[in-house]
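Colleague: What follows is a predicted protein model with its sequence.
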Amino acid sequence: MMGFSVSDELLGTVAPIVVYWLYSGIYVALSSLERYRLHSKAEEEEKNLVSKSAVVKGVLLQQVVQAAVAILLFTVTGSDAEADIAQQFSLLVLTRQFIIAMIILDTWQYFMHRYMHHNKFLYKHIHSQHHQRPDLHAGWLQWTDPRTRAHHALSFLISGMSPRTSIFFFSFATIKTVDDHCGLCLPGNLFHMVFKNNSAYHDVHHQLYGSKYNFSQPFFSVWDRILGTYMPYSLEKREGGGFEARPTKEFKDD
């Protein structure tokens, strides 16, 4: 009987997409837990400007493009089987590649994200759609937002990771990004313990008062702190259940 095998390139293309829907589905199922929500269901109905079906269609469209870019990237770069095997057994190499890729992701995200807010044309025609749901919930990610495709390619190329390593890194990055947009503050969430850049941090950015702050994503808040776009906040319990990320000082809208 012939064995069935799936190439690393195919897994590297498909795995982050599958992980996205699985992890988003978990948060959709948990969204009824009002005591952990950053926005109440009533507030969600009042503020949201686009339907969830439109979000799903937008995400599917982006993922088609994302898959096409991944296939092209793997085809152009090729794969060195011996080098891939060597990387698997070198924890130092894998750690270095993960750190470099995380830095590239954060750097590209910050500067492109900030530029999309300050460029009126790009914000109006592209990035504003990402802000049509001020309340964050799983599934509302980079809809019609080209940042993901470009920074994934750069992270892969500059870090020198293999297609097999990319399966794990980009699945991890996808999980982290879904978590940032889940709209929940769950007890024991490891991402909230390890990373200061979390769902509350990004929720501040999605509010009108914070749209010019907290651009950093998905891992660290370094660029916001260095370049003066960090908005400190406190996580307060909201009357009626849930939490609210409240700024701890006033900022001017530049």
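Modeller: Perfect, thanks for sending it. Residues are numbered from 1 along each chain as shown.

Colleague: From now on I want contacts and neighbour counts done on CA atoms only, so please keep to that.
Modeller: Fine.

Colleague: Check the offset of stretch 224-243 from the chain's centre.
Modeller: Relative to its chain's centre, stretch 224-243 lies at 18 Å (CA atoms, centre = their mean, to the nearest Å).

Colleague: Point me to the helix or strand that includes residue 164.
Modeller: Using DSSP states H and E, residue 164 sits in helix 163-180.

Colleague: Ok, residue 246 next?
Modeller: strand 243-247.

Colleague: where along the stretch 101-250 of the chain do the strands fall?
Modeller: Assigned by DSSP state E, counting those that start in this stretch, the stretch 101-250 of the chain shows strands spanning 233-237, 243-247.

Colleague: what's the last one in contact with?
Modeller: By that I understand strand 243-247. 35-39, 185, 200-201, 203-204, 231-238 (CA atoms under 8 Å, 6 or more residues apart in numbering).

Colleague: Does anything pack onto the longest helix seen in the chain? Which helices or strands?
Modeller: If each helix of the chain is counted by residues according to DSSP state H, the longest one is helix 91-118. Counting contacts by 3 or more CA pairs under 8 Å, 6 or more residues apart in numbering; DSSP states H and E, helix 91-118 packs against helix 81-88, helix 120-125, helix 147-159, helix 222-226.

Colleague: Mind exporting the C-alpha coordinates of the last one to CSV?
Modeller: Backbone C-alpha positions of helix 222-226 (Å, rounded to 0.1, in the frame of the first residue of the first chain) are rendered in CSV as follows:
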residue,chain,number,x,y,z
VAL,A,222,8.0,48.4,21.5
TRP,A,223,7.4,50.7,18.5
ASP,A,224,4.4,52.4,20.1
ARG,A,225,6.5,53.1,23.2
ILE,A,226,9.5,54.3,21.2
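
Colleague: helices or strands up against that helix?
Modeller: Packing contacts for helix 222-226, counted by 3+ CA pairs under 8 Å, 6+ apart, involve helix 91-118.

Colleague: what residue ranges in this structure score low on pLDDT?
Modeller: 1-4, 45-51, 79-89, 128-150, 250-254 (pLDDT under 70).

Colleague: Apply 50 and report the result again.
Modeller: The chain contains residues with pLDDT under 50 at 1, 138, 141-146.

Colleague: burial count for residue 246?
Modeller: Residue 246: 15 surrounding residues under other CA atoms under 10 Å.

Colleague: gap between residue 19 and residue 34?
Modeller: Distance, residue 19 to residue 34, by CA to CA, to the nearest Å: 25 Å.

Colleague: follow-up on the earlier one: quick one, the longest helix of the chain and helix 163-180 angle?
Modeller: Counting by axes from the mean of the first three to the mean of the last three CA atoms, to 10 degrees, helix 91-118 lies at 50 degrees to helix 163-180.

Colleague: Mind listing what's buried along helix 91-118?
Modeller: Residues of helix 91-118 classed as buried: 94, 97-98, 100-110, 113-114, 116-117 (neighbour count, 16 or more other CA atoms under 10 Å).

Colleague: show me the residues around residue 234 that make contact.
Modeller: With CA under 8 Å, 6+ apart, residue 234 has these contacts: 245-248.
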